[in-house]
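Colleague: Got a predicted structure plus its sequence, pasted below:
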Amino acid sequence: MPLRYKQFQRLIIIIISLITIILIISYPKQSLSAALNGLNTWLNVVLPSLLPFFIVSDIMIQLGLVDFLSTILNPIMKPFFNCPGHSSFVWVMSMASGYPMGAKLVASLYEEGSITKIEGQRMLAFCNTSGPLFMIGAVGIGMLGRPKAGKIIAFSHYASAFILGLLFRFYGRQKTNDRIYSAKPRIKAAFRELLMGRSKSSKSLGMILGDSVKKSMESQVLIGGFIILFSVIINLLIPEQTANSPSLSSSNWVFTFPRDWQLIKPLGAGILEITTGCQLLGDSIVDYKSKLIAASFIIGWGGFSIHSQAISLLANTDLSIGLYLFSKFLHGLFAAGITYIYIMVSSVESIPAFSSYPSTFNITITSTFVASLQLLASAIFSFLALYLMAILIKVIKQPKS
C-alpha cells in the first residue's frame, strides 16, 4: 500500500474520530442511551445467536470435519465457484447465522492453511451473507409489515450471492497458486481426511473446546464493541431515533427531505448500519416497492458496522479488504436488481406507508432453530441439485469411446 494512501487513510480516521468525540461531548445523554441500546442488542440478540455457531464451527475446523465435508462437496463447489468444498460449509453456516459468520470462517480456514489466498477472496465474495431470521422476521414482518417482503428480500439476497460466486470464480485464474482438488466424490477419502485431521491435532478434546470458546468469545467482544460504537454514531447522526427533546430535534444534525427524496435518509443510515437503515425504511412514506428494493440493497451491502466487524476478524490475514468491500457493493446492487425484476414480473401488492402491522419481532431460540432448520433443509436440496448438475456436465463432457 503506497505511503500517501496510508497517510490519507489515517487522516480520515482522525477526522472522523474527532467529529465523533465532539458529538459525544455535545450530547452525552443521547450517547449514553445509544451505547446502552447497542449493549442491549449485543447481549440479548447477537451474543446468544452467534456464539454457539462460532464455537461449534471452530470445533469442526479443529477436528477435521470441514475437511471431511470438503472432500465430499468439492465436486459441487469446484465446477460452479472454482472453490474447494470448504466453501459449502462456510456458505451454509453464514446463511444460517448471518453476518459476520462468513468472514470469521474464511479467516479461520485461511489461518489454518486449509484454503489459499485466492480461494479466500472468492469465498468472501459470496459466503458472507445475512441470516434468514433477520430478513424474514425482523425486516419483513417487523419493519416492512409483510412476511412476503422478507421472503422476496431473502430470495434476492441469496440469488445475488450465488451470482457473485459464479462471477468471482474467474478471479485469480491467471495465477497458479490454486490447489488441485479431485473432481470425484470419494467417501473413503473423506473419512481418511477426517481421521488425518484428528490425528494431526496434538490437542486433547478439552483443549480444543477451551480454545474454541476462548477464540469465539474474543471475536464476540470485538463484534460487541463495533455494535456499541456504531449505535452511538448512528443515533447521533439521526437524533430523533434516540431522543425527543426539542433542542436536539431542532439541531443542524436533523434533515427534513422532500417527499421524493425520502429514500436518502434510510439509505444513508443503511450504508452505515443495516438495522437502522431498514427501520427507517419501514417508517418512511415511500411506496412499498421502493422499500423492498432499497432494503435489498442495504442488506446486500451490509453496512460499515458489519464491515468493521469483518475487517477486525480478517485483521490477521493478508486478504484484500478493498476487494471484499467491492464485492459487497456488487452484492447490494445485484440484490436490488433482482428484487426489481421480481416486482416487475410478479404481482406484489402495495401496502400503506404506515402499516398497522406490529413493529416488533421477538427473536427466540425456537424461531432461530426453526429458521435455521428450514434453511439447512433448503441448502441440502440445493447442494443435491448442484451435485446432479455437476455429474450431468461431467457425463456430457466425457469423450465417447
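Modeller: Received, thanks.
Colleague: Can you give me the buried ones in stretch 138-155?
Modeller: For stretch 138-155, a neighbour-count test (16 or more other CB atoms under 10 Å) marks 138-146, 149-150, 152-155 as buried. (Each C-beta comes from the backbone N, C-alpha and C, glycine too.)
Colleague: Nearest residue to G131 in space, please, no chain neighbours.
Modeller: Nearest residue to G131 in three dimensions, chain neighbours excluded: G98, at 2.8 Å (CB to CB, 6 or more residues apart in numbering).
Colleague: how far away is M77 from F126?
Modeller: 11 Å (CB to CB, to the nearest Å).
Colleague: cool, and G270?
Modeller: 21 Å.
Colleague: Could you do S216 as well?
Modeller: In terms of CB to CB, S216 sits 24 Å off from F126.
Colleague: Torsion angles phi and psi at G302?
Modeller: phi 100, psi -30 (degrees, to the nearest 10).
Colleague: what does the model give it for pLDDT?
Modeller: Here the pLDDT value assigned to G302 is 91.
Colleague: how far away is it from K215?
Modeller: Counting by CB to CB, the gap from G302 to K215 is 23 Å.
Colleague: out of the two, which sits in the busier spot?
Modeller: G302 (27 against 16; other CB atoms under 10 Å).
Colleague: residues touching the more buried one, list them.
Modeller: By CB atoms under 8 Å, 6 or more residues apart in numbering, the contact set of G302 is 99, 128, 130, 274, 310, 328, 331-332.
Colleague: Neighbours of G225, how many?
Modeller: Neighbours around G225, by other CB under 10 Å: 16.
Colleague: tell me the secondary structure for it?
Modeller: Under the three-state scheme (DSSP: H, G, I helix; E, B strand; the rest coil), G225 adopts helix.
Colleague: how close does it get to G337?
Modeller: On the measure of CB to CB, G225 and G337 end up 34 Å apart.
Colleague: The helix or strand where G322 lies - what's its average pLDDT?
Modeller: Element membership of G322, judged by DSSP states H and E, is helix 321-345. For helix 321-345, the mean per-residue pLDDT is 93.
Colleague: neighbouring contacts of that helix?
Modeller: So helix 321-345 is contacted by 103, 121, 124-126, 128, 152-153, 155-157, 159-161, 163-164, 167-168, 289, 292-294, 296-302, 307, 310-311, 314, 348 (CB under 8 Å, 6+ apart).
Colleague: Helix or strand, whichever it is, which one in the chain has the lowest mean pLDDT?
Modeller: Lowest on mean pLDDT, DSSP states H and E among the helices and strands of the chain sits helix 246-249, with a mean of 42.
Colleague: Mind checking what helix or strand follows that one in sequence?
Modeller: helix 264-272.
Colleague: What residues sit buried inside that following helix?
Modeller: Buried residues in helix 264-272 (16+ other CB under 10 Å): 265-267, 269-272.
Colleague: Just put these in a markdown table and tack on pLDDT and distance to Y342.
Modeller: Output for these, formatted as a markdown table (pLDDT from 0 to 100; distance: CB to CB, whole Å):
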| residue | pLDDT | distance to Y342 |
| --- | --- | --- |
| K265 | 80 | 25 |
| P266 | 85 | 20 |
| L267 | 88 | 20 |
| A269 | 83 | 24 |
| G270 | 87 | 20 |
| I271 | 90 | 23 |
| L272 | 87 | 27 |
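Colleague: Where does pLDDT dip in this structure?
Modeller: Flagging of the chain using pLDDT under 70 yields the residue ranges 1-6, 9, 49, 64-70, 174-203, 239-261, 347-401.
Colleague: What segments of it are strands?
Modeller: Assigned by DSSP state E, the strands in the chain number zero.
Colleague: what's around I233, how many residues?
Modeller: I233 has 23 nearby residues by other CB under 10 Å.
Colleague: so it sits right up against T20, yeah?
Modeller: Yes: counting by CB atoms under 8 Å, I233 does reach T20; the two are 6.1 Å apart.
Colleague: residues contacting S312?
Modeller: 222-223, 226.
Colleague: top of those residues by neighbour count?
Modeller: I223 (26 neighbours).
Colleague: what about it, distance to A310?
Modeller: I223 is 10 Å from A310, by CB to CB.
Colleague: what's the overlap in contacts for those two?
Modeller: Joint contacts of I223 and A310 (CB under 8 Å, 6+ apart) are P100.
Colleague: mind checking how far the closest residue to G224 other than its chain neighbours is from L222?
Modeller: Of all residues not flanking G224 in the chain, W42 sits nearest, at 4.1 Å (CB to CB, 6+ apart). Between W42 and L222 the computed distance is 11 Å (CB to CB).
Colleague: what does L229 give?
Modeller: 11 Å.
Colleague: and what of L319?
Modeller: Distance from L319 to L222, by CB to CB: 17 Å.
Colleague: Equivalent analysis for A34, please.
Modeller: 19 Å.
Colleague: next one: G303
Modeller: 16 Å.
Colleague: next one: S204
Modeller: 27 Å.
Colleague: next one: L50
Modeller: 12 Å.
Colleague: R10 too?
Modeller: 21 Å.
Colleague: Could you do F168 as well?
Modeller: 26 Å.
Colleague: now do A96
Modeller: The value you get for A96 to L222, if CB to CB is used, is 21 Å.
Colleague: now do H86
Modeller: 23 Å.
Colleague: Run a quick neighbour tally on S305.
Modeller: Neighbours around S305, by other CB under 10 Å: 25.
Colleague: same check, this time on the one 5 residues further on
Modeller: Other residues near A310 come to 27 when the count uses other CB under 10 Å.
Colleague: what's the answer for M101, then?
Modeller: With other CB under 10 Å as criterion, M101 counts 25.
Colleague: what does the one 10 residues further on give?
Modeller: When counting by other CB under 10 Å, one arrives at 14 neighbours for E111.
Colleague: Good, wrapping up.
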